[in-house]
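*Asks:* Mind folding the following:
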Amino acid sequence: MTVDEKTRAVTVTPGRAAQELELGRDEFRLAVQLGLVRTVPAGESGRRRVERGELDRLKAAPDFPAGLRDRVRAVGTTEAAALLGITPERFTRLARTGHISPVRFSLNRYRAVVWTYLAEEVAGFGLACPALLTGRLPLELRERLAAQEDVRPRNWRARRLGVLLRAADDPWAQAAAVASMLDPVQVAEVVDDPYERAHLDRLRPPAPPGMPVGAAGRDIAERLTRADDPDEILWHRLSLALALDEARTAQAAPYPGDVARSGAAGERPGAGASVRKRRQETPTAAPVLLPSAPPPVLRLPPVRPATAASLLPSAAATSAAAVAAPVPASSPAWVPAQASTPAWVPAPVAAAAGHPAGPERPPSRPAARARLLDRLRRRRAAGGGRVRGRKRPAAWP
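*Replies:* Numbering: from 1, shown residues only. The predicted model follows:
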């Protein structure tokens with residue numbers, strides 16, 4: 001008898017367990033979510049079953065089945081307000097400020113979120129805080145309500161995360177449960193290794209029961225399952241970083257080819273080692289060929305002082321110098337540009353019929369600017385002045 005056959009012999013399906021416990025389908029799901037009914041994994045399929053001994057334990061309770069049914073009884077806003085003897089509007093204000101945490105949610109036909117609460121917790125709140133059921137609410141609560149504060153989604157996420165962490169029996173599964181509370185962008189910022197992110201995605205817990213099927217409704221539900229408050233996001237990011245450190249210490253994430261290198265399907269090399277040590281070095285780019293010696297710098301003879309217009313080299317002269325420059329036969333295939341020769345030479349553009357040809361664009365390369373600055377420095381060293389117009393001389397700044 002295989003392991004799966006042995007497990008099936010001592011366990012029952014969730015549907016069969018709900019019938020024996022006299023619970024509805026939603027009530028049984030809620031009982032499993034709250035930890036009232038323990039389940040075990042059934043083989044490699046990933047589905048969970050209920051042991052026969054767990055059913056016997058629940059049936060042996062003196063208040064079975066009424067006691068178990070009362071503990072999983074869920075009520076809406078109107079019924080919860082009736083249990084406390086207050087209006088639904090006041091109960092909603094108390095739930096928005098975090099005094100009562102919802103246990104699940106659903107979307108109605110208008111795509112509005114409907115929160116559900118445990119009747120046992122609602123009754124316990126009425127006994128613990130009777131002052132909030134009558135009279136005016138405290139000033140702090142009124143200010144929070146005026147600021148449109150609503151912590152119901154956050155309280156529901158905190159409850160769900162606790163359930164997922166209790167059900168996870170592996171460090172990587174616990175890290176995946178924390179990662180499910182964050183946006184994929186936030187997860188990528190914390191987990192920089194793509195193989196670790198892929199491993200967390202494989203271990204991501206399933207969506208909560210009752211998720212809508214339509215695209216619009218599912219988008220609303222997915223926003224409720226992810227943290228949106230800044231301090232809540234920061235808390236989950238820190239929790240994910242700590243969970244990753246613990247998971248890496250216990251066992252490294254699987255990498256492609258781990259089974260082939262280890263030679264055994266059930267063992268991975270590098271378990272318990274740091275993942276960063278196993279990363280391959282990033283291939284570097286090919287080295288760039290540089291010339292053995294810098295090109296010679298042409299020294300121009302000193303010139304007489306001239307106007308600023310005469311200092312700019314013309315495009316035609318520059319083009320002629322570039323064309324007339326001889327290329328030695330033994331030069332390599334790649335020849336660096338000389339400092340005195342501009343790399344960009346403007347090509348003559350034919351003017352359209354009826355339109356005069358525009359002035360040629362002077363080269364604006366660093367070589368032309370270097371030659372201009374060289375001339376200006378030599379003129380300044382020679383003590384020459386610059387004439388602006390024909391009115392009064394002015395020294396070059």
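
*Asks:* so residue 111, which of the three states?
*Replies:* Of the three states, residue 111 takes coil under DSSP: H, G, I helix; E, B strand; the rest coil.

*Asks:* Just give me the neighbour total for it.
*Replies:* Neighbours of residue 111 under the rule other Cβ atoms under 10 Å: 13. In this view, the C-beta of every residue, glycine as well, is placed from N, C-alpha and C.

*Asks:* for residue 117, same thing?
*Replies:* Count around residue 117 with other Cβ under 10 Å applied: 24.

*Asks:* That one - that's part of a helix, no?
*Replies:* No. Residue 117: not assigned to a helix; according to three-state DSSP it is strand.

*Asks:* can you tell me which residues contact it?
*Replies:* Shown in contact with residue 117 (Cβ atoms under 8 Å, 6 or more residues apart in numbering): 74-77, 80, 95, 100-103.

*Asks:* Buried subset of those residues, written for ChimeraX?
*Replies:* Applying 16 or more other Cβ atoms under 10 Å to those leaves a buried subset, and the ChimeraX line that selects it is:
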select :74,75,77,80,95,100,101,102,103
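
*Asks:* Secondary structure and pLDDT for the contacts of residue 117 - can I get that in CSV?
*Replies:* Converted to CSV, those look like this (DSSP: H, G, I helix; E, B strand; the rest coil; pLDDT from 0 to 100):
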residue, secondary structure, pLDDT
74, strand, 93
75, strand, 94
76, coil, 94
77, helix, 95
80, helix, 95
95, helix, 95
100, coil, 94
101, coil, 94
102, coil, 95
103, coil, 93
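
*Asks:* any idea how far residue 200 is from residue 159?
*Replies:* Note on residue 200: its distance to residue 159, by Cβ to Cβ, to the nearest Å, is 22 Å.

*Asks:* Which one of the contacts of residue 117 is nearest to residue 119?
*Replies:* Distance to residue 119 across those (Cβ to Cβ) is lowest for residue 75, with 4.8 Å.

*Asks:* now the closest one: how far from residue 192?
*Replies:* Residue 75 sits 45 Å away from residue 192, going by Cβ to Cβ.

*Asks:* between residue 200 and residue 159, who's got more neighbours?
*Replies:* Set side by side, residue 200 and residue 159 show more neighbours around residue 200, with 25 against 16, by other Cβ under 10 Å.

*Asks:* Tell me which other helices or strands the helix or strand harbouring that one touches.
*Replies:* Using DSSP states H and E, residue 200 sits within helix 194-202. When contacts are defined as 3 or more Cβ pairs under 8 Å, 6 or more residues apart in numbering; DSSP states H and E, helix 194-202 sits against helix 171-179, helix 184-190.
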